[in-house]
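Asker: compute the structure for the input listed below.
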Amino acid sequence: METIGLIPSFGSFAATIIAFVVALSIIVAVHEYGHYIVGRWTGIKADVFSLGFGPVLFSRVDRHGTRWQVAALPLGGYVKFRGDADAASAGVDQAALAGLSSQERRATMHGAPLWARAMTVAAGPVFNFVLSIAIFAGFFMIQGIAAEQPVVGQLRNLPGPSQQIREGDVILSVGGVRTPDTSAFVLAADSLQPAERVAYLVRRGGEETTVQGPFPFPPVVDGVQPQSAADAAGLQPGDVIVSVNGMQINAFRQLREAAGASEGKPMTLGVWRNGEVSDVTLAPRSADLPAAGGGFETRWMIGLTGGPGFLPDMRHPGPFEAMSLGAQQTWSVVSTSLSGLWHMLTGAISSCNLRGPIGIAETSGAAASQGLASFIWFIAVLSTAVGMMNLFPVPVLDGGHLVFHAWEAVTGRPPSDRALRMLMSVGLAMLLTLMVFALTNDIFCP
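Answerer: As a prediction, this is how the structure comes out:
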């Protein structure tokens, strides 16, 4: 089976290419290993397992007779099963099958039972999803998730008067609004008018006391989106935005609202970092994002994410809960991607949202430049995308092979070799057209 991958900063062209090659190689290796190992489990022998295409740089033959190789062009990979005419399993190698016994034919892709072939084909995308779930689950287990009750885990370094909140405080109310759990804390913050200081009722050492603290969600930078206006302007996690166009702000939502109302006009931000304030000018960029009520909406964004005025107490889920959360995160990526594709096809959002080789490579490098954790998270997202894409019912892709197997299950016979090759040619043409379109977006879309 063959993986067809869209070619997706450390700070340089070479580093971006390295980041992309590393990410794609991991994803392709997992995808193709899924095909290989399930094929082996079901009795189908693989002649070649290749990372990359073109001239072979390195190879070895294992005890099962499979040649493992690394090729010069790291833009995908393939497993060539016994009896395949080519790496895409587009037809039958009749010469290779001639003279084989029934037992030997059973070990070929085209002589194996339908269930074995279908499982082998489906295993590639499934292994991509398993990789994504495992990575997301690892993040939840290591970094943790917010505890049910709003408890102060770590204080942030913020400008202004010293905080009266202490680590370990249990937040009972904020601004007079009760906060029995973390969700209530978020809702309470949304209902408050932005202010430099807010009254908190906390439980400390078994006693309840009222203290002053920062606005629940101050304009502090939690994350910077790669390739965003904020990223280009050099903003960093931990920065605090103290003003927008000379006007003081106390809540992150004020920054979000100012960017949304900017219509792309440049904004001057007062940025507090390490005790000093400096001005940064940037221009928000439009983005099509999921809307609360479903669908998408166009918003002006600068590419920052915010967080609470203190880091909450975290709990670390066990393996089973983490895997469940990882599966939910993977499904979120799939559902958002499918919704975005549908809205692009219907013209509801710009087709510029479809990025090609250059765009994905730049995102890969930008994610790597933000650190190992960001890069690994990007690999999980890209692995989900590759698994989803390979399930599309397009000839050449795994989804197209599964459609052929479904046809065989219904009719009792596979498509003819001639029909198979014709459909494969059509599928390849469709895929190349899509890639050219995406590459055009990379070049001409802002």
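
Asker: mind listing the strands for the stretch 301-446 of the chain?
Answerer: Assignment of strands within the stretch 301-446 of the chain using DSSP state E, counting those that start in this stretch yields the ranges 304-306, 310-312, 314-315.

Asker: dump the ones you listed into JSON lines; add mean pLDDT, mean neighbour count and distance to Gln212 as well.
Answerer: The way it works is simple: take the backbone N, C-alpha and C, and place the C-beta from them, glycine included. Written out in JSON lines, the entries for these read as follows (pLDDT from 0 to 100; neighbours: other Cβ atoms under 10 Å; distance: least, Cβ to Cβ, whole Å):
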{"stretch": "strand 304-306", "mean pLDDT": "91", "mean neighbour count": "19", "distance to Gln212": "21"}
{"stretch": "strand 310-312", "mean pLDDT": "85", "mean neighbour count": "20", "distance to Gln212": "13"}
{"stretch": "strand 314-315", "mean pLDDT": "86", "mean neighbour count": "12", "distance to Gln212": "25"}
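
Asker: can you list those strands in a markdown table and add distance to Gln227?
Answerer: Supplementary listing: those in a markdown table, determined by distance: least, Cβ to Cβ, whole Å:
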| stretch | distance to Gln227 |
| --- | --- |
| strand 304-306 | 13 |
| strand 310-312 | 26 |
| strand 314-315 | 29 |
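
Asker: and of these, who's closest to Ala361?
Answerer: Each of the strands of the stretch 301-446 of the chain was scored for nearness to Ala361 using Cβ to Cβ, and the closest is strand 304-306 (23.5 Å).

Asker: Leu73 falls within a strand, correct?
Answerer: Yes - assessed by DSSP: H, G, I helix; E, B strand; the rest coil, Leu73 belongs to a strand.

Asker: with just CA atoms, put stretch 156-168 into CSV.
Answerer: C-alpha atoms of stretch 156-168 as CSV (Å, rounded to 0.1, in the frame of the first residue of the first chain):
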residue,chain,number,x,y,z
ARG,A,156,1.8,34.1,37.4
ASN,A,157,4.2,37.0,37.2
LEU,A,158,1.9,40.0,36.5
PRO,A,159,2.4,43.7,36.5
GLY,A,160,0.6,45.9,39.1
PRO,A,161,0.1,45.6,42.9
SER,A,162,1.3,42.4,44.6
GLN,A,163,-1.2,39.6,44.7
GLN,A,164,-3.0,38.6,47.8
ILE,A,165,-4.0,35.2,46.4
ARG,A,166,-1.7,32.3,47.5
GLU,A,167,-0.9,28.9,46.0
GLY,A,168,-3.3,26.3,47.3
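
Asker: what sits up against it?
Answerer: Stretch 156-168 is contacted by residues 151-155, 196-197, 200, 202, 204, 211-214, 218, 220, 238, 240, 242, 272, 275, 277, 309-311, 313 when judged by Cβ atoms under 8 Å, 6 or more residues apart in numbering.

Asker: for the one residue sitting closest to the centre of the chain, which residues are in contact?
Answerer: Nearest to the centroid of the C-alpha atoms of the chain, with distances taken as Cα atoms, centre = their mean, sits Val381, at 1.8 Å. For Val381, the residues meeting the contact criterion (Cβ under 8 Å, 6+ apart) are Ser132, Val333.
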